[in-house]
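K.L.:
Structure of the sequence below:
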Amino acid sequence: MTELPAADPAAGDHALAGELAAHAGRLLLGVRDEIGFADARALKDTGDLRAHEYLMAGLAAACPADAILSEEGRASVAGKSATAVAMDGPPTGNTDVAARLAAGRVWIIDPLDGTREFAEEGRADWAVHVALWERRREGRLAAGAVALPAQGATLRTAAEGAVVVDADGERPLLLKPPAPGRLRIAVSRSRPPEFLTRLAERLGEAGTEVELVPIGSAGAKIAAVLLGTVDAYVHAGGQYEWDSAAPAAVALAAGAHASRIDGAPLAYNRKDPRLPDILVCHPGSASTLLTGIRDVTQAPPG
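P.N.:
All right, here's what the predicted structure looks like:
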């Protein structure tokens, strides 16, 4: 298994999140090389659980008093051990719900966001999510990182703003405003919400040309917004906290707009981790998108 990153107390939670996400990503690239793509189920389950165990061990070593909520720490996923390669016993479980809700610090992680893309040879639109929620920050996200292993980059929060770490080093993550009169919106590859077609039509009527761009995982979609490949991500098809916590943390730190599709703040570390919708975009586009979303979601079917 990949070695845990060396502890660096001076670097803080931002660096820890980035190091853990990046190391887990390299582990996942190794799983791809080891198992290959012939057995997609074995590849998916092995990737999910090995990355999960790595992150659980890393967080336990670095922050033993903190609570953890992982997609793969739920009792409902224990059966993956049967198809994962070289995994003995059920995955390490999450912190008890009552203890998590009472905790001051909670790590919210998705060890492999985009298992479908991970198991498809040549696809790079999958990610690793590591986020930290803190009660002392009024229940807000305090740090986060999104590793894009197959793209060779990690986006993470910093003491001021957010940064991109890649082969060229570390640089500030700076948002690019969309081109006037045009919006590229990231959507699901397989099941884009029907209302997005209506949203594109409504915005088009108002003079904004919209292109719907299929991208794999939620983390990859939000990273694409932050890197300027697309201009917005709108989702209303159902998600959980681990799907958006890390990318939302990075987006907010970088100065992007990130909210529910009705404009309400994103809330994390809830008893029920379902968080069904999200909007991430350049702040200059938020009003246009929120107004358009309101119009098409409240209008009766035509």
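K.L.:
Quick one: the strands in the protein, in order.
P.N.:
67-70, 105-113, 127-134, 140-148, 153-157, 162-166, 169-172, 182-188, 209-215, 232-235, 257-259, 278-281 (DSSP state E).
K.L.:
And those strands: which comes nearest residue 272?
P.N.:
Evaluated with CB to CB, these place strand 67-70 nearest to residue 272, the distance being 11.6 Å. For glycine as for every other residue, the C-beta is placed from the backbone atoms N, C-alpha and C.
K.L.:
who does the closest one pair up with?
P.N.:
Applying DSSP bridges, strand 67-70 is found paired with strand 105-113 (parallel).
K.L.:
could you give the angle of the partner strand to strand 127-134?
P.N.:
170 degrees (axes from the mean of the first three to the mean of the last three CA atoms, to 10 degrees).
K.L.:
May I have strand 105-113 as CSV, with CA atoms only?
P.N.:
This file holds the C-alpha atoms of strand 105-113, laid out as CSV (Å, rounded to 0.1, in the frame of the first residue of the first chain):
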residue,chain,number,x,y,z
ARG,A,105,-14.1,18.3,13.2
VAL,A,106,-15.4,15.9,10.6
TRP,A,107,-13.5,14.7,7.5
ILE,A,108,-15.9,14.0,4.6
ILE,A,109,-14.3,11.9,1.9
ASP,A,110,-15.1,10.1,-1.3
PRO,A,111,-12.1,7.7,-1.9
LEU,A,112,-13.1,7.3,-5.6
ASP,A,113,-15.5,9.7,-7.2
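K.L.:
Give the rounded mean pLDDT of it.
P.N.:
Across strand 105-113, pLDDT averages out at 98.
K.L.:
quick one: low-confidence ranges for the stretch 201-302 of the chain?
P.N.:
Filtered on pLDDT under 70, the stretch 201-302 of the chain yields the residue ranges 299-302.
K.L.:
what about 90?
P.N.:
Residue ranges of the stretch 201-302 of the chain with pLDDT under 90: 236-238, 297-302.
K.L.:
what's the answer for the stretch 51-200 of the chain, then?
P.N.:
Applying pLDDT under 90 to the stretch 51-200 of the chain flags residues 75-90, 137-139, 188-195.
K.L.:
neighbours around the residue nearest to residue 144 when sequence neighbours are not counted, how many?
P.N.:
In this structure, residue 144 finds its nearest non-sequential neighbour in residue 249, 2.7 Å apart by CB to CB, 6 or more residues apart in numbering. Number of residues near residue 249 (other CB atoms under 10 Å) recorded here: 32.
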